[in-house]
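> The sequence isn't on hand, but the structure is:
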Ligand code: HEC
């Protein structure tokens with residue numbers, strides 16, 4: 001509905017409107033989970049991106065060293081085991097080996113449960 005406003009304005013005003021709309025969208029989502037997802041994003045960058053890639057495509061620098069057929073998953077696509085939050089958390093607590101997946105997927109058992117929730121919230125933002 002907001003987008004209708006854009007077409008009736010000049011280029012500068014449109015620009016400002018786009019910024020305002022982007023700001024509103026960010027502010028709106030923060031009440032749901034952005035704060036947690038932001039924290040999770042920091043942990044993701046430190047612990048996951050080297051394998052799963054910055055955007056979750058499975059193309060981090062370490063992924064290049066892992067043989068075909070054993071590659072890190074594309075996190076924006078379907079999962080084999082971590083199909084809900086509880087199973088995703090279990091995967092992070094036990095590692096791939098603990099849930100019947102590849103032992104190359106490392107456990108994050110040193111993290112607090114809320115850190116795991118934050119990571120899960122962040123990974124969801126990578127899904128299309
Ligand atoms: C050393 C590389 C590596 C790191 C680091 C890593 N992963 Fe993985 N991950 C893998 C591999 C390999 C698989 C594929 C496992 C399989 O298919 O058996 C995988 C699979 C997954 C899956 C798919 C599980 C399923 O049910 O299909 C998720 C979700 C995931 N990783 C999340 C993460 C998160 C979140 C982090 C950071 C906390 C992380 N991974 C860190 C290598 C890694």
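Great, that's in hand. Not measured: the values here are computed from a predicted model.

> show me where pLDDT drops low in the chain?
Along the chain, the parts satisfying pLDDT under 70 run over 1-35.

> which residues in it form helices?
3-7, 11-29, 35-47, 49-52, 85-98, 113-126 (DSSP state H).

> what does this structure have sitting close to the ligand?
The chain comes close to the ligand at residues 47-48, 50-52, 62, 70, 72-73, 75, 79-82, 88, 91-92, 96, 101-102, 104-106, 108, 119, 123, as judged by CB under 6 Å from any ligand atom. From N, CA and C alone the C-beta is placed, and that goes for glycine too.

> hmm, try it at 8 Å
Within the chain, the positions near the ligand by CB under 8 Å from any ligand atom are 43-44, 47-48, 50-52, 60, 62-63, 66, 70-73, 75, 78-83, 87-88, 91-92, 96, 99, 101-102, 104-106, 108, 111, 119-120, 123.

> Which members of the residues you listed are classed as buried?
43-44, 47-48, 51-52, 60, 63, 71-73, 75, 79, 82, 88, 91-92, 96, 99, 101, 104-105, 108, 111, 119-120, 123 (16 or more other CB atoms under 10 Å).

> list the contacts for residue 46?
With contact set as CB atoms under 8 Å, 6 or more residues apart in numbering, residue 46 has no partners.

> If we ignore the residues flanking it in sequence, what's nearest residue 88?
Of all residues not flanking residue 88 in the chain, residue 82 sits nearest, at 3.8 Å (CB to CB, 6 or more residues apart in numbering).

> Residue 76 versus the nearest residue to residue 95 once chain neighbours are set aside, what's the distance?
Leaving out its chain neighbours, the residue that sits closest to residue 95 by CB to CB, 6+ apart is residue 107, at 3.2 Å. Distance, residue 107 to residue 76, using CB to CB, to the nearest Å: 22 Å.

> now residue 38
Taking CB to CB, one finds residue 38 at 19 Å from residue 76.

> likewise residue 41?
Distance, residue 41 to residue 76, by CB to CB: 15 Å.

> Between those two, point out the one with more neighbours.
Using other CB atoms under 10 Å as the criterion, residue 41 and residue 76 rank with residue 41 on top: 21 against 15.
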